[in-house]
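J.: Just to be clear, the model below is a prediction. Sequence and coordinates:
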Amino acid sequence: MTKIFSRIGLVVISMLAAVNVFAQDSLKNEKPQMADALRASGKIYVVVTVLLIILLGLFIYLINTDKKIARLERNNK
Amino acid sequence: MFRKNWWKLLSFFFLLYTVTAGLLGNVPAKPILNETIRNLYFHVAMWFGMMIFFIISVIYSVKYLRHTRPADDIYAVEFARTGIVFGFLGLITGSVWARYTWGDFWSNDPKQLGAAIALLIYLAYFVLRNSLTDIDKSARISAVYNVFAFAMLFPTIWIIPRLVESLHPGGMGNPALDTKDIDSRMRLVFWFGAVPGWTLLGVWIATLRIRLQKYSLKHELND
């Protein structure tokens, strides 16, 4: 189980590292207002981090529920 | 747990990709829509999930009618339930999105109306089920009704909204599968992140409830 979490952590870190590449080439479009300034000041990463935390929490909760049901099924065969 | 059910882990990675690439990736710059175009990965994915769950649900209802196995009824109910949850999430997120782009939470758009009617028809499925006390009768009648409810998805979601003018993009055709409608940069995140990720998450939630229901069915019978 801890192995799985450390793997998940690695993937998250590598995804965050790839973020710079995305951010740099989004400044070309000028006419319609996009959140380029937001991205330049770095605050979009706050939103991404928040969402990733929510996702992680949600999955840990689901994994726990899954395990509990599995235990019920095993003990009452 | 993940050795047998690797797809549960897969849904997690799909959603990690959806959130990261969905918020940071490149999108076309459009007036009115601006950055809200990214809602495609979340709002539209809900509807895809809903349609997939309703299809699974009707398959199990037909199976139940053919073989009368109680397990098939449980599958049909729980997938319909997950489908309704996804449908309402789609309706609510869509209405928030509409407030800031079309100017109103609800504009009686044909797609909004069609989706609302379809969801009401599916809600009636649960009303019908729960109003019958006999378990076998309830399962059989609700399975028949589920086939009807599924048939009503065709006019309410797939046909009428495409025949009339709509605020939604991609009217007069197939909005999701037309390659010209989704920007190629967004198509990758949508088809290889959002749709499989959210759908697998919903399947996981549905299977959890199915296992619980099966468990309680078994123990009620033993008592």
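T.: Everything's here; your move. Numbers count the residues shown, from 1 in each chain, chains lettered A, B, ... in the order given.

J.: helix or strand for B:Phe105, which one?
T.: Using DSSP states H and E, B:Phe105 falls within no helix or strand.

J.: Quick one: residues contacting it.
T.: Contacts for B:Phe105 (CB atoms under 8 Å, 6 or more residues apart in numbering or on different chains) come out as B:95-96, B:98-99. C-beta here means a position set from N, CA and C on the backbone, and glycine is covered the same way.

J.: Which single residue in chain B comes nearest to chain A?
T.: B:Ala29 (3.7 Å; CB to the nearest CB).

J.: Relative to the whole chain's centre, how far out is the worst-scoring helix or strand of chain B on mean pLDDT?
T.: Scoring the helices and strands of chain B by mean pLDDT, DSSP states H and E places helix B:160-163 at the bottom, with a mean of 85. Relative to its parent chain, helix B:160-163 has a centroid offset of 19 Å by CA atoms, centre = their mean, to the nearest Å.

J.: for chain B, which helix is longest?
T.: Looking across chain B with DSSP state H, the single longest helix is helix B:70-101.

J.: my bad, should have said chain A
T.: Scanning chain A for the helix with the most residues, using DSSP H, yields helix A:44-75.

J.: my read: B:Ile84 touches B:Tyr122, true?
T.: Yes - judged on CB atoms under 8 Å, B:Ile84 makes contact with B:Tyr122 at a distance of 5.3 Å.

J.: In terms of neighbours, single out the busier of these two.
T.: B:Tyr122 (23 against 20; other CB atoms under 10 Å in any protein chain shown).

J.: how close does that one get to B:Ser57?
T.: 9 Å (CB to CB, to the nearest Å).

J.: Find the least confident helix or strand in chain A, judged by mean pLDDT.
T.: Per mean pLDDT, DSSP H and E, helix A:19-24 ranks last in chain A, at a mean of 51.

J.: surely the residue of chain B closest to chain A meets A:Met34?
T.: Yes - using CB under 8 Å, B:Ala29 makes contact with A:Met34 at a distance of 5.1 Å.

J.: element containing the residue nearest the centre of chain B, please.
T.: The centroid of chain B falls nearest to B:Met50 when counting by CA atoms, centre = their mean (0.8 Å). Using DSSP H and E, B:Met50 sits in helix B:43-67.

J.: Show me what that helix is packed up against.
T.: helix B:70-101, helix B:135-153, helix B:195-222 (3 or more CB pairs under 8 Å, 6 or more residues apart in numbering or on different chains; DSSP states H and E).

J.: What residues sit buried inside that helix?
T.: Within helix B:43-67, the residues that count as buried by 16 or more other CB atoms under 10 Å in any protein chain shown are B:43-54, B:56-58, B:60-65.

J.: what's the angle between that helix and helix B:135-153?
T.: Counting by axes from the mean of the first three to the mean of the last three CA atoms, to 10 degrees, helix B:43-67 lies at 130 degrees to helix B:135-153.

J.: next one: helix B:43-67 to chain centre, how far?
T.: On CA atoms, centre = their mean, the centre of helix B:43-67 falls 8 Å from that of its chain.

J.: Repeat that for stretch B:55-72.
T.: 19 Å.

J.: now stretch B:14-26
T.: 21 Å.

J.: What count of nearby residues applies to the closest residue to B:His168 other than its chain neighbours?
T.: Distance criterion CB to CB, 6 or more residues apart in numbering or on different chains; nearest residue to B:His168, sequence neighbours excluded, is B:Lys111 at 4.8 Å. Neighbour count for B:Lys111, taken as other CB under 10 Å: 20.

J.: Perfect, I'm done here.
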